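Undergrad: Give me coordinates for this.
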Amino acid sequence: MSMLHSAFKSHTSPGLKWVQSSPFGSTKLSSIFYAGGYWVITGAGGLVAYTTNLRGAWTTVSAGFGSNTVYDCRYGNGYWVAVGAAGTMATCPTDPTHTWTQRSPGFGTSNVYGICYGNGGWAACADGGKLRTATDPTSTWTSRTIGFSTNLVFNVDYQNSIWVVVGNGGNVATASDCTGTWTSNDISSGGGLRGLAYGNGYWVVTSYSVGDIFYATNPASTWVTKPMSFSYECSCYGNGYWVLGNENSGEYIYRTSAPPTGTWSAAKMKAPTGAIYDIEYANSTFVGVGNSGMYYLSRG
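TA: Numbers count the residues shown, from 1 in each chain. Presented below is the predicted three-dimensional model:
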């Protein structure tokens, strides 16, 4: 393990001022998640690291990903689970300071992009239209049919008593139980769907390939298209704000007071170039991670 340091200042709104920090040099960062007093960040080159204080030290852990990119990490029911390129997955009990163990979830060499826990189950999604679920992430993972054909499945989430997965081709599927039947509810104009978030009664999905976002109060029903100016990799809701991470250069975000049906305003992160791949709101803080090993902090 190695200790890395970063410096932050506090601010009051996600649209006013973001502070840049580069605790991992030029490493491309993929995801960030907060649970149980720990922030966990993942990225290229097998990066998994944690901290209890965003303004303090980060500790990198040996999670067994080798040079594979770690795309996502989540916590649920006593386990941290991280997923990555070439079908890789690692679990860690209780908190991220403990031993991480590589698992074999059955994705073969497909890249695993998303992981989520909810309602007693885990779901992980990958290239090739693949979704697998487990009740115990250290044990057997079972393949599920979600109607994506061979399209990439990029994101999965459980909120408000419903599971949602999104991916390429505007594909969307929902389920009340991740181990049960999944029902398609595609967004025909959606292109490559990436960001997926729930807040204040709305689901918001972003696309990296079209300049629109899509929202719904029921993800199994009608999705409404809202034209925007850029393409987006991620979406997040917190403290009355929706925040979107831009897929293009300039690291722009858009934010608005809820609901997402209203007017959106532009704001800019400190970085001159690169995409924002994930945004998390937790512990009264917005944090975004992205290209060129940079992430950002705003106090909400």
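Undergrad: By mean pLDDT, flag the weakest helix or strand of this structure.
TA: strand 3-5 (a mean of 33; mean pLDDT, DSSP states H and E).
Undergrad: start to end distance for stretch 146-161?
TA: 18 Å (CA to CA, to the nearest Å).
Undergrad: how about the helices in the stretch 101-250 of the chain?
TA: Secondary structure of the stretch 101-250 of the chain by DSSP state H, counting those that start in this stretch: no helices are present.
Undergrad: Can you name the next helix or strand after the least confident helix or strand of the chain?
TA: Note on strand 3-5: by DSSP states H and E, the next helix or strand toward the C-terminus is strand 19-21.
Undergrad: Number of residues surrounding Val224?
TA: Neighbourhood size, Val224 [other CB atoms under 10 Å]: 13. Glycine gets a C-beta too; all of them are placed from N, C-alpha and C.
Undergrad: Surely it touches Tyr215?
TA: Yes - between Val224 and Tyr215 there is a contact at 5.5 Å, judged by CB atoms under 8 Å.
Undergrad: Return every residue with contacts to both of the two.
TA: Thr261 (CB atoms under 8 Å, 6 or more residues apart in numbering).
Undergrad: Show me the shaky parts of the stretch 1-150 of the chain.
TA: 1-17 (pLDDT under 70).
Undergrad: ranges for the strands of the stretch 201-300 of the chain?
TA: Shown for the stretch 201-300 of the chain, the strands assigned by DSSP state E, counting those that start in this stretch span residues 202-207, 212-216, 224-227, 232-238, 241-246, 252-257, 265-268, 276-282, 285-290, 295-299.
Undergrad: Please read the previous query as pertaining to the stretch 51-200 of the chain.
TA: Assigned strands in the stretch 51-200 of the chain, in chain order: 57-60, 70-76, 79-84, 89-93, 101-103, 112-118, 121-126, 130-134, 142-144, 153-159, 162-167, 172-175, 183-184, 193-199 (criterion: DSSP E, counting those that start in this stretch).
Undergrad: Give me the distance between the third one and the centre of its chain.
TA: Spelled out, it's strand 79-84. When distances are taken as CA atoms, centre = their mean, to the nearest Å, strand 79-84 is centred 12 Å away from the chain's centroid.
Undergrad: Repeat that for the shortest one.
TA: In terms of CA atoms, centre = their mean, the centre of strand 183-184 is set 22 Å apart from its chain centre.
Undergrad: try the fifth one
TA: Counting by CA atoms, centre = their mean, strand 101-103 is centred 21 Å from the centre of its parent chain.
Undergrad: quick one: buried residues of it?
TA: Arg103 (16 or more other CB atoms under 10 Å).
Undergrad: Packing partners of it?
TA: With contacts defined as 3 or more CB pairs under 8 Å, 6 or more residues apart in numbering; DSSP states H and E, strand 101-103 has these neighbours: strand 89-93.
Undergrad: ok, now the third one?
TA: Identification of packing neighbours for strand 79-84 by 3+ CB pairs under 8 Å, 6+ apart yields strand 38-43, strand 70-76, strand 89-93, strand 112-118, strand 121-126.
Undergrad: hmm, try it at 6 Å
TA: Other helices and strands packing on strand 79-84, by 3 or more CB pairs under 6 Å, 6 or more residues apart in numbering; DSSP states H and E, are strand 70-76, strand 89-93, strand 112-118.
Undergrad: cool, the last one as well?
TA: Under the contact definition 3+ CB pairs under 6 Å, 6+ apart, strand 193-199 sits against strand 153-159, strand 162-167, strand 202-207, strand 232-238.
Undergrad: now swap in the fourth one and tell me
TA: In terms of contact count using 3+ CB pairs under 6 Å, 6+ apart, strand 89-93 is assigned the packing partners strand 79-84, strand 101-103.
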